[in-house]
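Chemist: generate a structure from the sequence data that follows.
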Amino acid sequence: MSNPFFSSIDGEDVRVQSDSTNHGQTSSATSESSKCSRSSLSLNSSAATSPGATDPFWYSRKDPNISNFLALGCLCFEDFSNSEANDSPGDWVGITTLPVLAFDQSIASNLARLFNYGWIRIQSTRSITNDAWLVFRIYLLYSDVGNAVINRSDKKLVQALEGLLSEIDTSSETWNGRYLSDQKCPFDLWASADEDNSSLFYLFNKLPSPNPRPSDIDQRYPREALEDLLDCDSTVRGLKTPLYPYQRRSAGAIVHRECMSRMELDPRYEERIAPDGNRFYYNARDLDFPRDAPLQQSCQGGILAETMGLGKTLICLALILSTRDHPPKVPVQYSSIPIRPQVASLAEMAVSVINRKSIPWKVEFERERQATGIEFNKCVQMLDQNPGSYEIPRVPIRWNRNTTLPPPQRVILTTTTIIVVPQNLLKQWRSEIQKHVETGALKVLVMEDRRKDLPPPDELRTFDVILFTRNRFDMESRDGQDSEGRRVSKAPLVCRCPYIGATRRRDCHCLQEDALYDSPLKYLHFRRIIVDEGHFFSNSNTNTVIVANRLVKADHRWSVSGTPARDLLGVEVDTSVISESKESRDALLERRRTFNPIEDRSGAIDSLGSLASTFINVEPFSQGRAIWKDYVFRHEDHRHTFSGFSTCLRRTLEGMVVKTRPEDVERDIQLPPLHHSVVRLKPSLYDIFTANLFTLVLTANAVTSERTDADYLFHPNSQRSRYQLVGNLRKSTFFWTGFSEDDVLASMSNAKKYLAKEGTGCTQEDRVLMTETLKCTDAILNSRGWKALSKSHELGVFIDEWPEQSAEHWAFDDSKSPVLTGITQLLDAQRFVNERIAQDDPGEGLSGQGIRALAALQDSPTAQQEAAQGVGDAHSMATNTDKTKIKKPTKKGAIKAALAEKQLLSKSGIPMSSIDGEPRKRNDKSPRLPMKAFRVTKKRKEKPARKPKKDDDDLESVQPSAIPDPQLRSNSEYSRARVVGTTSAKMSYLISQVMKYYQDEKILVFYEGDNIAYYIAQILELLDVKHEIYAKTLQNRLKSEYVVDFDLGADTRVLLMDVGQAAFGLNLSSASRIYFVNPVLRPQIESQAIKRAHRIGQTRRVHVETLLLQDTVEEKMFQRSKRMTAEEHRVKAVEDDGGMREIIQSSRILNVPEEQQASLQDQMASLESPEQLWARPGWRDFW
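Modeler: All right, here's what the predicted structure looks like:
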């Protein structure tokens, strides 16, 4: 078959004539000398007489258009033909027929197919180093050449090329005719692996720091803005706060990226070196070899991924101010010059050109005004009244014979920046703007209220910043809907609404187009959109992403997050918080340097891909044009093998992420020192009781279930209950009242019955273990204090020198010095006396009040009764206290399965209270609801802790004293009462620390579990320490308010924060004391929590303390977590780690010294300094 395209390239038709007899003889000789299959290959089947007929092969030496072909590589074969051709080694000739060689049949077939369709060209010579070998140069026609006549769609041709590439030798020596078998360099068919086969963590942390160059920018105004940003001696106009050099570079890098309209190599393609030394481009996934570099527009948005605490908000504000009056550009597809019906005035034409070129005219006029004093009012007015705009053709919703094209949609260019923030960060953003930006420098519209409509487009474009909460931004997805959520259908609808009475007029409620919501956002083209905590945008199905893509037209899209993807942190955050030295960072980087096929194939890389393709719109991945995972990995097969990352990922990250390396930050700024210590506390008697009860539960379950079947807690089918029990075990080290006396008796009875039963599989070792464990119950059941606390679910507080006449009426046990009572009862007693402090006997009636308080306690239901009566559903409480975030069952079948699992476990000694958790502490104002937020605000008289009951005669008759700040008489017995300790070792230590430092420093306390927060809040209220609780159940509006109040206000001294809420961009730099009341077993969570305070703006040394009980399961689990590798920490829950399971399974009871049981002083955990109970100094300010 003659190939016309091949002929057109050569300028002649190359043919060959072979001697059939000689050809047959050669084939016979070849078959005898080689065991592999061989073929006589004719690359052009049209034979004709030629000048070379005396020679078996005639070679064309003319090759004028070889530049259309890529020097792909060589094939080398030993020549068995015994031909005496006249060609000499090193003399390359173009051929169309190969001699009979030791060809594999598949190679011969691939060569023939590719040559006959014009894909390849071949040259041949004898090897210079060994003339018994023939070297064949393979030239491949570039994929973007000759497509008018070359078939590129045949899959068989693609397969043939792939087969050929697997045999190609790309050695430059072979290409030059020097074949050496030991120097073969095969063609790498797959995408090139990234340097050192790096992990995503390593790539992310090794991205180069920003280094923008103004000389790269051709446009005058953006270049000047960048120069001002990078000049450390100048200030950004409108910014009050001076920038650190690294902040200037980061803001400058964003300006540089926004203004650099450059073309760059498509990341799917990589540059390689051909054997002849020339460069070529290769797409491994698509097997594409273009001649011209495939270029695309560089990304003009990205991710600002500066580490938590380095001032990302300030960088964004500096960016906005430096480009405040720079308008966006008209999209190329809509940039045609409009045709006027008549000749315009010179002023009108000037305005048109200014708008079409997106010239920042406000900047220029301001400079002229400052230089000359001229206002240019008419020019400014004309430009204001005629903003830049373009038109987008509209497509009708329905097409029919009467359809008329609607008028095009006019889109106005505006310099406005949209900022979308989580609800809980709104007030923080507003306070940051107020703190860093000069008054009047930015015109800001805050959109928080869901009932507030956006202004019309003409008003909206006058704002510099529109600050949205995510919830309010999501509401714009209503565009095109009516109030009932209906949209116009593509098919015409017929009204079938009922008639009005006997008339023929319909009571029509059909969708009316004029009732549809029309979002103003779609009529504006914004400068940029910034999304704080933008990793939430990685889900393409959320309303936030839908609004951002469908309605918001913006030149630049930025995601701001120190954790742009799940578990993707800077090394300075992921490093152990005990050591932040460069050596520790480098060591961690080296440990996590290599690609991990388990960690790196999903999770963070998926989130990055989704963010890049659905929000930032990074080419070529935007709108699904190219599949992210096809190209960022090196797949060594057509299927996804995830062998490592390709160079595509590094180039994409470098073009998308702005992040400064920690060593470069440290050259510009030095944060105050961070001191992190672990405080090991001796457990109180009640702490030991709790630890032993959990050990009893675990031991009884292991022994009675014989560690088999689903009634064993560590059986795979008991995963849910195991997670909940272990979570409660960890929380119980602070304080726990979830076990009742009935629970203990039931567990004892179940274990004793099993031990007495004959024919069980119980080993002697387990029998001894169970017997020893049961001994711990005697001391617990003999403790009146434990029984009272267990029934009341109160934290126990010890009071020394309680007035003798009323002590017995408030005591939870027989003790009178000190008196043990509950924290809620103690708050009641404190209020009772303080309200009567001006009377001769402020404690008159205190005994009766105590009788009523303890009588109510005697009548209160147990945990099991509460669950049965529905006062805090047991299953709901278990789910809410579960830190592993197991999904809450919503279907009856799932609930029944969970209950069945609990019932099965209860047969093997697991009381439901150990799984369900403690009943939630309730807000007095809402006794049926769990506590969502409990805080001491400005004054107690504005928000009392407890209102007097109407039927309390004593309380009704006594009003608070009008005497300013009354005090107890010096000889009053009530002035001697002191708070000396609690039943929780951690609580006593924490409160001692708070009382020592709260007047001079702000304190941040991280907790797990709402009851822990409530106990701490009650003690702080007792001691008149103003505080707030940042709980996960808190409304976002209140979260934002609490953060700002704590960080900027002077009154609030302590913030209690759920540790699970610590990773969401909060700035708490006013806190210099941090306490973890339970060890955080996930290092990343702990590091992120500490970064809330140890960040830019911190001026004090930061002290961090993690509290744990010594010689307990908690201490062993903490030590295990420190030994765990990064891969081991990736388990779904820490309880899934083998080492953790072994620690829990091997837990043993703690011995209680007899003297500790006998002495009240030894039973409690003492405060460092006793605290006055009644009429504390300044107590009136808190009421």
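
Chemist: got the contact list for Val437?
Modeler: Counting by Cβ atoms under 8 Å, 6 or more residues apart in numbering, Val437 makes contact with Gly238, Leu239, Lys240, Leu317, Leu321. C-beta coordinates here come from the backbone N, C-alpha and C atoms, glycine included.

Chemist: between those residues, which has the most around it?
Modeler: For these, the largest number of neighbours (other Cβ atoms under 10 Å) sits with Leu317, at 28 neighbours.

Chemist: now tell me what touches the helix or strand containing it from outside.
Modeler: Using DSSP states H and E, Leu317 sits in helix 312-322. Contact with helix 312-322 is made by 225-226, 228-229, 236-239, 241, 243, 247-248, 250-251, 254-255, 304, 306, 417, 419, 428-429, 432-433, 436-437, 441-442, 464-465, 530, 532, 558, 560, 562, 1067, 1096, as judged by Cβ under 8 Å, 6+ apart.

Chemist: buried subset of the residues you listed as a PyMOL selection?
Modeler: Here is the PyMOL command that selects the buried residues among the contacts of helix 312-322 (16 or more other Cβ atoms under 10 Å):
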select buried, resi 225+226+228+229+236+238+239+241+243+247+248+250+251+254+255+304+306+417+419+428+429+432+433+436+437+441+442+464+465+530+532+558+560+562+1067+1096
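
Chemist: of the contacts of helix 312-322, which belong to strands?
Modeler: Leu304, Thr417, Ile419, Val465, Ile530, Asp532, Trp558, Val560 (DSSP state E).

Chemist: of the residues you listed, which pair is most distant in space?
Modeler: Leu304 and Val465 (16.2 Å; Cβ to Cβ).

Chemist: how about the strands in the stretch 501-650 of the chain?
Modeler: 524-532, 553-560 (DSSP state E, counting those that start in this stretch).

Chemist: using CSV, write out every CA atom in the shortest one.
Modeler: Taking Å, rounded to 0.1, in the frame of the first residue of the first chain, the C-alpha atoms of strand 553-560 are listed here in CSV:
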residue,chain,number,x,y,z
LYS,A,553,-18.0,35.9,38.3
ALA,A,554,-14.6,36.9,39.6
ASP,A,555,-11.1,37.2,38.1
HIS,A,556,-9.4,35.5,41.0
ARG,A,557,-10.5,32.8,43.5
TRP,A,558,-8.6,32.3,46.7
SER,A,559,-8.9,29.7,49.4
VAL,A,560,-7.4,30.7,52.8
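
Chemist: show me where pLDDT drops low in the stretch 151-300 of the chain?
Modeler: Judged against pLDDT under 70, the stretch 151-300 of the chain has no low-scoring part.

Chemist: let's see that with 90 instead.
Modeler: Low-confidence segments of the stretch 151-300 of the chain, defined by pLDDT under 90: 151-155, 177, 179-184, 189-206, 215-219, 231-236, 259-264, 284-286, 296-299.

Chemist: what about the strands in it?
Modeler: 263-265, 270-273, 279-282, 295-297.

Chemist: just to revisit the earlier point, among the ones in strands among the contacts of helix 312-322, which one sits closest to Gln159?
Modeler: Closest to Gln159, out of all of those and judged by Cβ to Cβ, is Trp558, at 43.7 Å.

Chemist: quick revisit: closest to Leu769 out of the strands of the stretch 151-300 of the chain?
Modeler: strand 270-273 (63.0 Å).

Chemist: report the distance from that closest one to the chain centre.
Modeler: 34 Å (Cα atoms, centre = their mean, to the nearest Å).

Chemist: how about JSON lines for the strands of the stretch 501-650 of the chain, with distance to Ile168 and mean pLDDT added?
Modeler: Converted to JSON lines, these look like this (distance: least, Cβ to Cβ, whole Å; pLDDT from 0 to 100):
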{"stretch": "strand 524-532", "distance to Ile168": "47", "mean pLDDT": "94"}
{"stretch": "strand 553-560", "distance to Ile168": "43", "mean pLDDT": "93"}
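
Chemist: so which of the ones you listed is the most surrounded?
Modeler: Mean neighbours per residue, mean count of other Cβ atoms under 10 Å, is largest over these for strand 524-532, with a mean of 25.

Chemist: quick one: residues contacting the spatially closest residue to Glu366 that is not a sequence neighbour.
Modeler: Spatial nearest neighbour of Glu366, excluding adjacent residues (Cβ to Cβ, 6 or more residues apart in numbering): Asp325 at 7.9 Å. By Cβ under 8 Å, 6+ apart, the contact set of Asp325 is Pro360, Trp361, Lys362, Val363, Glu366, Thr415.

Chemist: out of the contacts of helix 312-322, list just those in helices.
Modeler: Within those, residues falling in helices by DSSP state H are 225-226, 228-229, 247-248, 250-251, 254-255, 428-429, 432-433, 436.

Chemist: so where is the stretch 451-600 of the chain shaky, pLDDT-wise?
Modeler: 451, 477-518, 532-546, 548-550, 561-600.

Chemist: between the strands of the stretch 501-650 of the chain, which gets nearest to Gln993?
Modeler: Comparing these under Cβ to Cβ, the one sitting nearest is strand 524-532, at 33.3 Å.
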